[in-house]
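K.L.:
Here's a sequence, model it:
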Amino acid sequence: MSFTGKCACGAVSATISADAPVAVRQCWCRQCQQVAGGAATSNAIFPTDAVAITGDLATHDYIAASGNTLTHSYCPACGTPVMAQTSARPHFRTMRLGFLDTGHGLAPDAAIWISEAPPWAMIDPSLQQFEAQPPAPPPPPA
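P.N.:
Numbering: from 1, shown residues only. Have a look, this model is predicted:
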């Protein structure tokens, strides 16, 4: 199976040649809340070499609470968040679920950085939960 996605204006698109993501997470860190307009981001982690992007991306780098440099990529024309990547794991790309085309069938299996969630946040109790950064997913097979 592969996954596809595009931004709201269609200027950026992606094809992801992976059978499944390594992990699907909901992130409540403060930076993700800012990117998402107040709630968590929902993300699927794929091997970098499985992700092919077409179109120009704008980026914003910052030092995350984990101490790593995090790069958010988005469409410069419409502002749609596309993906994030961390300096700690360059072999992964964290794709925003909202960027992926409808019908992808993915749902978070964990909620991370819940210590930074606002008091009104609704976190599904069935998700595995992490107060801060969870252990890294295993590297993709060679």
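K.L.:
What segments of this structure are strands?
P.N.:
Per DSSP state E, the chain carries strands over the ranges 3-6, 13-16, 23-27, 41-47, 51-54, 58-63, 69-74, 81-86, 92-96, 110-112, 128-129.
K.L.:
Who are the packing partners of the fifth one?
P.N.:
What it means is strand 51-54. Contact here means 3 or more C-beta pairs under 8 Å, 6 or more residues apart in numbering; DSSP states H and E; on that basis strand 51-54 packs against strand 13-16, strand 81-86. For glycine as for every other residue, the C-beta is placed from the backbone atoms N, C-alpha and C.
K.L.:
Which other helices and strands does the last one contact?
P.N.:
Other elements packing on strand 81-86 under the criterion 3+ C-beta pairs under 8 Å, 6+ apart are strand 41-47, strand 51-54, strand 69-74, strand 92-96.
K.L.:
redo that, cut-off 6 Å
P.N.:
Other helices and strands packing on strand 81-86, by 3 or more C-beta pairs under 6 Å, 6 or more residues apart in numbering; DSSP states H and E, are strand 69-74, strand 92-96.
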